[in-house]
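Colleague: What would the 3D arrangement of this be:
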Amino acid sequence: MREHRVVRRFLDRLLPPTPVARRLALQSLLFATAQGAFNTGSAVFFTEVVGLTASKVGLGLTIAGVAAFSVAYPAGRLVDRVGPKKMWAAGTLASAAAFAFWPWVRGFAAFVALSVSFEIVQNAGGAGYNAYILDVLPEQERIETQAHLYSALNVGFTLGAMISGVALAFHNVEVIRWVPMLSVAVGAVNALAVTRLPKAPHDLRAAARERRIEEHAATPAPIKNRGWIATSLFTGILWTNQALLTVVIPLWLVQRTDAPHWVLAWLFGTNTVLCIFLPTFTARGVRTINDALRRARYSTAFFVLACVITLFSHSTVGFLTALLVWLGHVAVTGAELAIGSSNWAFQARLMDPNRRGEYGGLSEVARTISTFGAPAAYTFLVMHAGDAGWLAIAGIGIIGSLGLHPSARAAERFAAQHFDIPLRGDAELAPGV
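Modeller: Purely as a prediction, here's the structure:
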C-alpha cells in the first residue's frame, strides 16, 4: 500500500498542477511532435528529396541560424508592442504553413530561402512564447510549470521521432517527401490551441491600446543592464553542454573508442527518458537567485564530471568503454537539467516585467554568441588534444560558472533598483484561471 502511494505521488508530480499549465503542456507536446517528426528525418529529406549534398545542407542551416540570430532582439521588442500571445500564435501558424512548402523545394537557393523564412517566424513565435509563460503565470508557479513544459517537449520530440522512424523504415523517397504535411497538420492544431489560451496582461493592454511610451521609458532598456547581458553570456557557456550531448561525445565514441555504435541509441534514449521524468524534480525548491546559483554550481559539477569520465574511455576496452561513455553522457544530462532550472529562475527574477520580450531577445542573442562555436571548438579540442582537450572544456565550464555568480548579483541589484515599479494594471488584468 505504501509503495502504491509513493508511485501515485510520483505520477502526480509529473502532471502540471493547474488547468493553464496543463493546456500549456499540451501545446508543448504538439509543437515538439510536429518538429520532431520533421527534424528526425531531415538529413534524409534534404539530401534525397531536396537533392543537396551534406556540405550544402550544413551551409544552408548555418545561414538560417545567422538569420535567426539577427532577428532575435527585434522580435523581442515587437513582442512587447503587440502582445506575447498574438506574436506566439502568429509565429506558430506561420511555422506550420512553412512546413507545407518543403515537399516542393528543389535546389540550394530555394532551400536557403525557406530555411531562413522558417527560422525567422519560429524565432518570432518563440519570443512570444517565452514572454507569455512569464506573463500569464503567477510568480510561484513559473519555474514548476516550465519544468513540466520541458518534460512535455521531450515527450513530443520522442513521439515525432517515432513517427518519422516509421516513415524512414519504408526506404521510400515519396513517403519521406510527405512527412512535412504531418507537421503541417499538427502545427495547425497547435496554433489553434495557442489562440484558445487565456490572454496575458500584456495582451489585454495591447488590445485595449492602453500601453504608453512612458511605460517603456519608466525603466532602462535591457541593453543598459550589463549584469543581465553577462548573465546570459555565462549561462550560455554552461548551456554548451548541449554540444557535448549531441555532437562531441557521439563523435568521440565513434572515432576514439572501441564502443559499438549501437551504444549511441542508449545515450540518446537515456537522455530523453531522464528529460521527461526528472525536470519537475530538479526544479523543486528553486525560487531565489541563491537557489539558481546553487543549481548552476551543480550543473558545472556535472559538466566537469562528464569531461573527466569520458576522457578515461579512450584507454579502456569493451564493456568498460561503453559504460564510461554512457556515464559521461548521463552526467551531461545532469548538467542540462540543473542549468535549465537555474535559467528559469533567472528569467523569472531578473527580467523587467514591462520588457520581457526585449529582455528575452537580448538574452537569446547573448546565449547564441556563447554557444555558436562550441560544437566545432569542442570537437577540435577532443579530437586533436585528447585528454588535454577534455580538461580544457571542463575549464571552460568552470569559467562560465565563476563568471555567472557576480553577473547574476549585478543583475539582481539592477532589478532591485529599477524594477520596483509594478507592471501597470496587472491586478485588474490578470487572467482568471
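
Colleague: For the protein, give me the ranges with low pLDDT.
Modeller: For the chain, the stretches with pLDDT under 70 are 1-14, 203-218, 420-433.

Colleague: Show me the domain layout of it.
Modeller: Taking automatic domain parsing as the reference, the chain has its domains at 21-211, 223-418.

Colleague: Looking at those, spot the one closest to L15.
Modeller: domain 21-211 (7.2 Å; C-beta to C-beta). Glycine gets a C-beta too; all of them are placed from N, C-alpha and C.

Colleague: ok now that closest one, how far from the chain's centre?
Modeller: 12 Å (C-alpha atoms, centre = their mean, to the nearest Å).

Colleague: With stretch 398-413 instead?
Modeller: Distance, centroid of stretch 398-413 to centroid of chain: 21 Å (C-alpha atoms, centre = their mean).

Colleague: Let me have the domains of the chain in TSV, adding distance to L15 and mean neighbour count as columns.
Modeller: Output for the domains of the chain, formatted as TSV (distance: least, C-beta to C-beta, whole Å; neighbours: other C-beta atoms under 10 Å):
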stretch	distance to L15	mean neighbour count
domain 21-211	7	20
domain 223-418	9	20
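
Colleague: could you pull out the helices for the stretch 201-350 of the chain?
Modeller: Listed in chain order, the helices found in the stretch 201-350 of the chain under DSSP state H, counting those that start in this stretch are 201-207, 213-217, 226-238, 241-243, 249-256, 263-277, 279-282, 289-312, 318-350.

Colleague: For G41, find the nearest of those.
Modeller: helix 263-277 (15.2 Å).

Colleague: Report the inter-axis angle for the closest one versus helix 318-350.
Modeller: 30 degrees (axes from the mean of the first three to the mean of the last three C-alpha atoms, to 10 degrees).

Colleague: how about the helices of the stretch 201-350 of the chain in JSON lines, adding distance to P180?
Modeller: Conversion of the helices of the stretch 201-350 of the chain to JSON lines gives the following (distance: least, C-beta to C-beta, whole Å):
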{"stretch": "helix 201-207", "distance to P180": "30"}
{"stretch": "helix 213-217", "distance to P180": "39"}
{"stretch": "helix 226-238", "distance to P180": "31"}
{"stretch": "helix 241-243", "distance to P180": "25"}
{"stretch": "helix 249-256", "distance to P180": "26"}
{"stretch": "helix 263-277", "distance to P180": "23"}
{"stretch": "helix 279-282", "distance to P180": "29"}
{"stretch": "helix 289-312", "distance to P180": "35"}
{"stretch": "helix 318-350", "distance to P180": "28"}
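
Colleague: quick one: which of those helices is nearest V71?
Modeller: Of the helices of the stretch 201-350 of the chain, nearest to V71 by C-beta to C-beta is helix 226-238, at 17.0 Å.

Colleague: got a list of contacts for that closest one?
Modeller: 222-223, 296, 299-300, 303, 335, 339, 342-343, 346, 350-351, 359, 362-363, 366-371, 396-397, 399-401, 403-404, 407-414 (C-beta atoms under 8 Å, 6 or more residues apart in numbering).

Colleague: Return the distance of it from the chain's centre.
Modeller: 16 Å.

Colleague: One more: stretch 241-249?
Modeller: 14 Å.

Colleague: Quick one: end-to-end distance for that stretch.
Modeller: 10 Å (C-alpha to C-alpha, to the nearest Å).

Colleague: which outside residues touch it?
Modeller: 267, 271, 299, 302-303, 306-307, 310, 325, 328-329, 332-333, 335-336, 339, 371, 374-375, 378-379, 382, 393, 397.
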